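Asks: structure, please.
(2 chains)
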Amino acid sequence: MEQKFITLFKEAIDSENDQISMDTRFRELDEWDSLAALSIIAMLDEEYDIIIDGNKFQKLETLSEILNYISENK
Amino acid sequence: MNKEYNPFSLEGKTILVTGASSGIGKSIAIECSKMKAKLCVIGRDIVRLNETLSELEGEGHRALQFDINENEKIKSFISELPELNGVVHAAGIIKRLPLKFISKEDFNEILDTNLVSASQVTRELHKQKKLKTGSSIVFISSIASDFASIGNIMYMASKGAVNSFSKGIAFEFAKSNIRSNVIQPGMVVTNLTKVINDKEIEEDIKRYPLGRYGTTQEIAYAAIYLLSDASAWVTGSKIVVDGGITLR
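Replies: Numbering: from 1, shown residues only, chains lettered A, B, ... in the order given. As a prediction, the model looks like this:
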């Protein structure tokens, strides 16, 4: 579950960064920008059927928090 | 003086507005009614459409629930309309996705509502001779047709197509003395704005030379000009109403 999420996360933002883990604060990544944010929101919709609005997404900081959001809103 | 001088009056004109249950379409209907037009307002949501109807000034307006994407029903729907002096195509949707997440279905949905359905409504109005000579057609486009923002590809493409479509029919309908023009708003506060988060909106507002987003009324005033006889010699044009954002 976690490994799959990390893979999808990296694919969505076009990153090959091996350091990305569940604890990564993704907003601090060099590759993070508004296109990356939109890509993650789109990935959540496509892969997990989760629609998250911009304001809620803004509050999430780590990959774990995104995955928690997914399980809580499934 | 019998009458007050007002080259922008819409008195005696019947105007059709699509997408009138909210946002820019609703505002255009309300402001046109204040200029004494008779309105036919169209929208998908009858509850909100009736709210629009209740806010119109004067008598004789009609609210008609209709989804312009229901292509097979357009013909019979249009046949029930009165003769018109103006049409405002304000029905529109937005969906922000990076290209790699855009499916054909996503793209078709945006193009259908923002371009193809408006074209079919216009076609039927023309075929059924509902547009009187001197009529004015107004499309609510966007500055997005010329200026990129992240994830806005489908909306941008649809509005670029609307601009070209308007020019095409302006040329084709000129001999019938029917005009077609486009309004290109900058960011206006409507429900469509809510797809972006508050922090990004704050940052974005700072980029506007006039220091704020527009209001729906400020777009409606441009529509009044284009619907009135004051613009009788204006066709195929695009009016930018954007707080100066495209100066950058």
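Asks: hey, which helix is longest across chain A?
Replies: Secondary structure of chain A per DSSP state H: the longest helix is helix A:34-48.
Asks: name the helices or strands packed onto that one?
Replies: helix A:2-12, helix A:54-58, helix A:63-73 (3 or more Cβ pairs under 8 Å, 6 or more residues apart in numbering or on different chains; DSSP states H and E). Bear in mind the C-beta positions are built from the backbone N, C-alpha and C, glycine included.
Asks: would you convert these into a markdown table that also reports mean pLDDT and mean neighbour count?
Replies: Listed next are the helices and strands packed on helix A:34-48 as a markdown table, based on pLDDT from 0 to 100; neighbours: other Cβ atoms under 10 Å in any protein chain shown:
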| stretch | mean pLDDT | mean neighbour count |
| --- | --- | --- |
| helix A:2-12 | 95 | 15 |
| helix A:54-58 | 88 | 15 |
| helix A:63-73 | 94 | 15 |
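Asks: out of the ones you listed, flag the one nearest B:Gly244.
Replies: B:Gly244 sits nearest to helix A:54-58 of all the helices and strands packed on helix A:34-48, at 25.2 Å, using Cβ to Cβ.
Asks: just how off-centre is the closest one within its chain?
Replies: 12 Å (Cα atoms, centre = their mean, to the nearest Å).
Asks: which residues touch it?
Replies: A:37, A:40-41, A:69, B:195-200 (Cβ atoms under 8 Å, 6 or more residues apart in numbering or on different chains).
Asks: which of those sits closest to B:Glu72?
Replies: Looking across these and measuring by Cβ to Cβ, the closest to B:Glu72 is B:Val195, at 30.3 Å.
Asks: for the helices and strands packed on helix A:34-48, give me JSON lines that also has distance to B:Leu226.
Replies: Putting those into JSON lines (distance: least, Cβ to Cβ, whole Å) gives the following:
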{"stretch": "helix A:2-12", "distance to B:Leu226": "42"}
{"stretch": "helix A:54-58", "distance to B:Leu226": "33"}
{"stretch": "helix A:63-73", "distance to B:Leu226": "45"}
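Asks: residues making contact with the longest helix of chain A?
Replies: A:8-9, A:11-13, A:26, A:29, A:50-52, A:54, A:57, A:66, A:70, A:74, B:96-98, B:100-101, B:150-151, B:200.
Asks: quick check: angle from it to helix A:2-12?
Replies: Counting by axes from the mean of the first three to the mean of the last three Cα atoms, to 10 degrees, helix A:34-48 lies at 130 degrees to helix A:2-12.
Asks: quick check: buried residues in helix A:34-48?
Replies: Within helix A:34-48, the residues that qualify as buried are A:36-44, A:48, counting by 16 or more other Cβ atoms under 10 Å in any protein chain shown.
Asks: excluding chain neighbours, give the residue nearest to the spatially most central residue of chain B in space.
Replies: With distances taken as Cα atoms, centre = their mean, B:Ala90 lies nearest the centre of chain B, 2.7 Å away. Spatial nearest neighbour of B:Ala90, excluding adjacent residues (Cβ to Cβ, 6 or more residues apart in numbering or on different chains): B:Gly25 at 3.2 Å.
Asks: surely that neighbour meets B:Glu31?
Replies: No - in this structure, B:Gly25 is not within contact of B:Glu31 by Cβ atoms under 8 Å, at 11.1 Å.
Asks: and these two? Which one has more around it.
Replies: B:Gly25 (29 against 21; other Cβ atoms under 10 Å in any protein chain shown).
Asks: show the subsequent helix or strand relative to the longest strand along chain B.
Replies: Ranked by residue count under DSSP state E, the longest strand found in chain B is strand B:131-140. For strand B:131-140, the following helix or strand on the C-terminal side (DSSP states H and E) is helix B:153-173.
Asks: how distant is whatever helix or strand comes next after that following helix from the center of its chain?
Replies: Using DSSP H and E, the helix or strand that follows helix B:153-173 in sequence is strand B:179-185. Chain-centre distance of strand B:179-185: 8 Å, with Cα atoms, centre = their mean.
Asks: in stretch B:12-25, what counts as buried?
Replies: B:13-25.
Asks: which of the residues you listed fall in strands?
Replies: B:14-18.
Asks: ok, of these, which one's closest to B:Cys40?
Replies: B:Leu16 (4.6 Å).
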